[in-house]
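> Give the three-dimensional model of this entry:
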Amino acid sequence: MRPDSPGPTTPCSRRAMLCHLALLLLLLLACHALSSSAACDPSDRDALRSFLSGVSPLPSADPLNWAADPDCCGWEGVLCDPTTGRVLSLLLPGRLLNGTVSPSLGNLTSLTHLNLSRNRLSGALPADFFAALGVLRVLDLSFNGLSGDIPYLPRDNAVQALDLSSNAFRGAIPPSIFQFGWNLISFNASDNRLAGTIPSPICDPAMANSSRLVRSLDFSGNNLSGEIPSGLGSCSDLAVFRAGFNSLTGEVPGDLYAATSLVELSLHLNRLNGPIGDGIGNLSNLRFLLLYSNNFSGSIPASIGKLAKLEYLLLYINNLTGSLPSSLNNCVSLKKLILRVNHLGGDISAFDFSRLQKLTTLDLGDNNFTGKLPSSLYSCKSLTAIRFATNRLEGQIPPEILSLQSLTFLSISNNSLSNITGAISILMNLKNLSAVILSMNFGGGGEAMPQDDNIIHSDGFPSLQILALGGCQLTGEVPIWLNRLKGLEVLDLSQNFIKGTIPGWFAGLPNLFYLDLSSNLLSGGFPVELTRSLALTSANPIALLNQTYLELPVFVMPNNATNQQYNQLSNLPPAIYLFNNSLTGPIPVEIGQLTSLHVLDLHHNHFSGSIPNEICLLTNLEKLDLSSNELTGAIPASLKGLHFLSSFSVADNDLQGPVPTGGQFDTFPNSSFMGNPGLCGEVVQNKTCNSQPKLPSMPRKHPNKKLIVGLIVGTCFIAGLMITFGLWVLSKRRISPRRDTDNTDLDNISINSTLGIARELDKDTSLVIVFQDNMNDFKDLTISEILAATDNFNQANIIGCGAFGLVYRAILPNGEKLAVKKLSGDMGLMEKEFKAEVEVLSNARHENLVALQGYCIHEGSRLLIYTYMENGSLDYWLHEKSDGPAQLDWPSRLKIAQGASCGLAYMHLICEPHIVHRDIKSSNILLDEKFEAHVADFGLSRLILPYHTHVTTELVGTLGYIPPEYAHSWIATLRGDVYSFGVVMLELLTGKRPVDVSKPKESRELVKWVHEMGKQGRQEQIFDSLLRGKGFEDQMLQVLDVAMLCVNDNPVKRPTIKEVVDWLKNVGINSLTPNGK
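Presented below is the predicted three-dimensional model:
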């Protein structure tokens, strides 16, 4: 069954195959042990060697040791007849074999069992495959990348079980499989690309050789069309029939209801129509009925009550009408009843649920049911999930619901419930409740948001992760009792009449990653405390989710101000929605700390001031809406570095200056910028930018002459003090030996706090510590020279924006260039600790690392000085520079991969202490003038003390590069770095971004796309089109194998960085093995 199918896989078909195979193996092993064995047949040995020559294992797989022993009957995976020496079975599942299915296998004329499943085989099967293997009984080629047509099955065959699932077979299913499948028990062709119709007839009683013994048929997950053929009712042993996820049309043939052995009938995700026939009641053995996502109409037949063994009844997303048949309560084995999105109706309180004691999931959402919540439901104590959303229910949530102590999920949104205070005070006592969705209720009487701090006692809602009360027209303020819900992850209070300010204690909810307070009456500013929210400043907040409550899709109020679209929780991004309020003041620069944020929507407020540059630190941002505010200044050019940004608007503000170009900004429409007359550029009405943005004008006042005289006298006096002090400092600097500079306490250099001298003095006296082993000509830098070299950290000099801060180009008077990183984040480390950490990082010296040259602490900012890399980042050349990919030929890309791996290996293995990078990505691999790779941003997490957590457990990462195990652990690892580097190698091979929101869903995530392409045997199509046909295909395939090992979901199965370095060095020289041999 496909992963999207809610029912469990029925074991009938595979059990028969496995039992048959197990008995055969035991018999052969017994024979082998009890009798003298004949040597293998020479022709069979030659056939096996020919097969071996066409396949090769992945570098991480042990090679097949077939060459050492001349007797093929002793080879791994080979079983022979002990008397004749003929090969009976070839069993090599999961050996990670690359290559094709050799025609030489056809010479194994005694072969009865062949299992090559879960490998990486590609290409087509030989046309005479079944004809050559005339005694073959069991064939399993599932989970490979085989393509082409399924071979013809000849009249004389012995096939009993045929599994071709999860490949890329095309064309029609050969009718001969069923015409001549007189021994056929199980046929599985699911998850391929097969077209045409389901062959007919199957189990034709008029044909002596037809497949009348078949027990399992699986056609699901293909491109099959037409109607379900008649005649299946003649398959007297048929237990499983799956044809879901195709394009089948028409009605279910009536004779299908005569297949009384059916245990599972799965026809979901097709275009079937008509009624569900009364004959469904004849299928007395049926346990799983999956007919969802079709066009079935009419009522649910009363005969369904005859299915006493039925466990799953999934009829959702159809056009069914009428009420629930009362006979349905005879289905006493029912566990899942999902009927949402139909046109069912009637008084639901009249239905008797009390006999459905095994029921765990009830979903009647999006129908027309009326009445109150059914009291009979509260006797179904196995219930874990209930949805009545979008019906016409009324009344209150009664205390009797507390009998459902296993309940984890409750959604009754968009009904006409009343008494929210009673609902909250009752539901808080359900100890396992994870999700409460009550949006769009309680609007009839203008109810108030419960404000009593005591409404939630200390043990209330202990498991709550989702609370949705949007669209309830509630009045009052944000209730303080919410701060007791420490497990809360999703909070929706949108579309109410909530007033007051946004409380800063939201930051104290450590798991809150989705906050929607939009369309209320809130005032005040954006609370700075919110920028310290743990879940929004961590690398992977979705990892905190307890997936158990996602048994049903969760919908919350729409965030796009329409009433038709709802968001499903399993796809909810980390987000802050504050639009349509009356919020004022500036957007705080600390917002750059919310590095995991995917959506920031502040439109239709009264925010003022400039757009913070620090927004460019939100590298995972997909949507940014700042429209309809009172913002001024320019659009920061650094925002073009937000590679995942797909929705952007600053319309209707008072912005000025050029609209940034490049990156995602080239995709945004004019409407994103309209209503800002001061903006200029190609995308707006004002095409040319001839002047600098105007600064906001200040009100003019007449000067006070006495004040001017006083200021002049005072300024002269202060200037005298400054000059005297400055000369004294310079004399001390000249006298003090250089070796003592590192021991200077920077806190004691400035006496601003003592003399009240202007802070500008710091710009001249803050020391820049330059490490002594550097080979550059800037031994005696001062902060004033840094400020001059960066034009006072002018936005125009920003050359990078990463998780730890902005990077500026600094050009010294002698023409030498430096890169100056201005760290962002909580400067929680004391200065001596900071200095000690920087000293440690300065010792990390390798030709493939970006060298740290010095540092400075200035006006509370911490600056790191690095060697300037002339050619920028690998990300720039692969994804930003228009002709960049064309200039990076394969030898250049291989050299970059080799160099970067060496730098990472130095960090992991040689540097003391060893360093886990935590954020390996293409933008952190910089290129010098010779395109040598240098790893950047290593060890910086040691310099930033995160809020509410220890620095060694705080993860840093970027969407697309984060290894899957970080979803379950907060600890960064060396193997996590290897995963991220594997993604970088895939970027080099494909030229694609790790995540591209502009691509179709199936190709949006690079790692998944490459896995799927490999599974389909289309490895060559993975490579960047600019690299194909240049003679480097073998090398690229080798690097692809290494990359896929690195991105293995299981960190234990990933190679070490040393192995990666060795393999990459040998690309094009030797074959790859874990031992480098």
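
> Need the pLDDT of Phe941.
Slight slip there: residue 941 is Ser, not Phe. With respect to pLDDT, Ser941 has a value of 54.

> All further residue positions should be reported with the first residue as 30.
New numbering, starting at 30: the last item is Ser970.

> thought Glu280 was touching Asn302?
Yes - Glu280 sits in contact with Asn302 when judged by CB atoms under 8 Å, with a separation of 6.4 Å. All C-beta spots, glycine's among them, are computed from the backbone N, C-alpha and C.

> those strands in the stretch 130-279 of the chain, which residues are they?
142-144, 149-153, 167-169, 174-177, 190-192, 197-198, 215-217, 245-247, 254-255, 269-271, 276-279 (DSSP state E, counting those that start in this stretch).

> between the ones you listed, which one is nearest to Leu1018?
Go through the strands of the stretch 130-279 of the chain one by one with CB to CB and the one that ends up closest to Leu1018 is strand 149-153, at 16.1 Å.

> Describe which strands the closest one pairs with in its sheet and in which direction.
strand 126-129 (parallel), strand 174-177 (parallel) (DSSP bridges).

> Report the mean confidence score over the first one.
For strand 126-129, mean pLDDT is 88.

> same deal with stretch 394-411?
With pLDDT averaged residue by residue, stretch 394-411 scores 96.

> got the CA coordinates for it in PDB?
Listed in PDB are the C-alpha atoms of stretch 394-411, where the atom choice follows Å, rounded to 0.1, in the frame of the first residue of the first chain:
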ATOM      1  CA  GLY A 394     -15.900  17.000   9.200                       C
ATOM      2  CA  ASP A 395     -17.100  19.100   6.300                       C
ATOM      3  CA  ASN A 396     -20.600  17.700   6.100                       C
ATOM      4  CA  ASN A 397     -24.100  19.000   7.000                       C
ATOM      5  CA  PHE A 398     -24.700  17.200  10.300                       C
ATOM      6  CA  THR A 399     -26.900  19.000  12.800                       C
ATOM      7  CA  GLY A 400     -27.800  18.700  16.500                       C
ATOM      8  CA  LYS A 401     -25.600  18.400  19.500                       C
ATOM      9  CA  LEU A 402     -22.500  16.300  20.100                       C
ATOM     10  CA  PRO A 403     -23.800  12.700  20.400                       C
ATOM     11  CA  SER A 404     -23.900  11.500  24.000                       C
ATOM     12  CA  SER A 405     -23.500   7.900  22.900                       C
ATOM     13  CA  LEU A 406     -20.100   8.800  21.700                       C
ATOM     14  CA  TYR A 407     -18.700   9.200  25.200                       C
ATOM     15  CA  SER A 408     -19.000   5.400  25.800                       C
ATOM     16  CA  CYS A 409     -16.400   4.800  23.000                       C
ATOM     17  CA  LYS A 410     -13.400   4.900  25.300                       C
ATOM     18  CA  SER A 411     -10.900   3.900  22.700                       C
END
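
> Check whether Phe673 really touches Leu653, as I assumed.
No - taking CB under 8 Å as the contact criterion, Phe673 and Leu653 are not neighbours in contact, 10.6 Å apart.

> Name the residue in the two with the higher neighbour count.
Neighbours of Phe673 and Leu653, each counted by other CB atoms under 10 Å, are more numerous for Leu653; the result is 24 against 21.

> quick one: the more buried one and Asn196, what's the gap?
In this view, Leu653 and Asn196 are 42 Å apart by CB to CB, to the nearest Å.

> follow-up on the earlier one: reformat the strands paired with strand 149-153 as TSV; add distance to Met1014 and mean neighbour count.
As requested, the strands paired with strand 149-153 are arranged in TSV below (distance: least, CB to CB, whole Å; neighbours: other CB atoms under 10 Å):
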stretch	distance to Met1014	mean neighbour count
strand 126-129	18	19
strand 174-177	20	20
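
> Can you add distance to Gln1050 and give those strands back as a markdown table?
Output for those, formatted as a markdown table (distance: least, CB to CB, whole Å):
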| stretch | distance to Gln1050 |
| --- | --- |
| strand 126-129 | 15 |
| strand 174-177 | 11 |
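
> Out of these, the one nearest Gln1067 is which?
strand 126-129 (10.9 Å).

> and that closest one, C-alpha only, in PDB?
Once side chains and other backbone atoms are set aside, the C-alpha atoms of strand 126-129 remain, and they are given as PDB (Å, rounded to 0.1, in the frame of the first residue of the first chain):
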ATOM      1  CA  LEU A 126      23.900  -3.300  -6.500                       C
ATOM      2  CA  ASN A 127      24.200  -0.800  -9.500                       C
ATOM      3  CA  GLY A 128      23.800  -2.000 -13.000                       C
ATOM      4  CA  THR A 129      21.400  -4.000 -15.200                       C
END
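
> what comes into contact with that strand?
Counting contacts by CB atoms under 8 Å, 6 or more residues apart in numbering, the residues outside strand 126-129 that touch it are 83-87, 90, 145, 148-152, 1070.

> Turn these into TSV, columns for pLDDT.
Conversion of these to TSV gives the following (pLDDT from 0 to 100):
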residue	pLDDT
Gly83	88
Val84	88
Ser85	81
Pro86	76
Leu87	67
Ala90	65
Leu145	96
Asn148	89
Arg149	84
Leu150	90
Ser151	88
Gly152	91
Asp1070	91
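
> Show me how this structure divides into domains.
The chain is divided into the following domains under automatic domain parsing: 38-186, 437-611, 613-723, 739-897, 902-1106.

> hey, least reliable of these by pLDDT?
The lowest average pLDDT among these, as it happens, falls on domain 739-897, at a mean of 62.

> For stretch 909-925, measure first residue to last.
In terms of CA to CA, to the nearest Å, the two terminal residues of stretch 909-925 are separated by 17 Å.

> Sorry, wrong one. I was asking about stretch 213-222.
Taking CA to CA as the measure, stretch 213-222 stretches 22 Å from start to finish.

> repeat for stretch 123-132
Between the opening and closing residues of stretch 123-132 we find a distance of 21 Å, counting by CA to CA.

> quick one: it to chain centroid distance?
The chain centroid and the centroid of stretch 123-132 are separated by 31 Å under CA atoms, centre = their mean, to the nearest Å.

> ditto for stretch 810-825
Taking mean C-alpha positions (CA atoms, centre = their mean), stretch 810-825 and its chain are 40 Å apart.

> For burial, what's the neighbour tally of Asn483?
A total of 7 residues lie near Asn483 under the criterion other CB under 10 Å.
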